[in-house]
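Undergrad: Generate coordinates for the sequence data below:
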Amino acid sequence: MKVILLSDLRHRGRRGQVVDVKPGYARNFLLPQGIALEATPGNLKYFDHQKKKIEARHESEREVAAGVAAAISALRLSLRKRAMENGSLYGSVTAGEVVDMLAAQGIEIDRRQVDLGGGIKALGEHVVRIDLHSEVVAELPVTVEAEE
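TA: This next block holds a predicted model:
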């Protein structure tokens, strides 16, 4: 089933693109959530008309994300967690903790934008990837230290 994406969808496409998805995925998730529209001739004609506005908005969002990425890349965050003697943590560092640390620095992001890779479960230096935009990714160095 062909749908028009109304917002960026990871591993599927960008806003305004026409993509082919399974009918159940479209009917049960994309359409009810307002993430996509069915690609009918009327909707395609409407979206062709709106494409310039979408591209301009996409470009402005990318520029804002690039500015936030520069601010994030300039930071070096440090976090104290309880750890065992061998250096592994009790639990792990969560995306919510990274978001809270960035909020304390005045940078607001959503926790779904934080990619911890395989997770942070040990003391030391780690790099957290933050997907700010489909074309902009920031890397945040995080140091995890043992709590006394």
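Undergrad: Per-residue pLDDT of the residue lying farthest from the centre of the chain, please?
TA: Distance from the C-alpha centroid of the chain peaks at Glu85, with 34.0 Å (CA atoms, centre = their mean). Note for Glu85: predicted pLDDT of 89.
Undergrad: gap between it and Val93?
TA: Distance, Glu85 to Val93, by CB to CB, to the nearest Å: 19 Å. The way it works is simple: take the backbone N, C-alpha and C, and place the C-beta from them, glycine included.
Undergrad: go on, Ser78?
TA: The gap separating Ser78 from Val93 is 12 Å, by CB to CB.
Undergrad: How about the spatially most central residue of the chain: what's its closest non-neighbour residue?
TA: In the chain, the centroid-proximal residue (CA atoms, centre = their mean) is Gln113; its distance is 2.7 Å. Nearest residue to Gln113 in three dimensions, chain neighbours excluded: Asp131, at 5.1 Å (CB to CB, 6 or more residues apart in numbering).
Undergrad: now what about the helix or strand where the one you found lies, what contacts it?
TA: Here Asp131, judged by DSSP states H and E, is contained in strand 124-133. Residues outside strand 124-133 that contact it (CB atoms under 8 Å, 6 or more residues apart in numbering) are 8, 10, 61-62, 65-66, 68-69, 72, 87, 93, 98, 109, 113-117, 120, 137-144.
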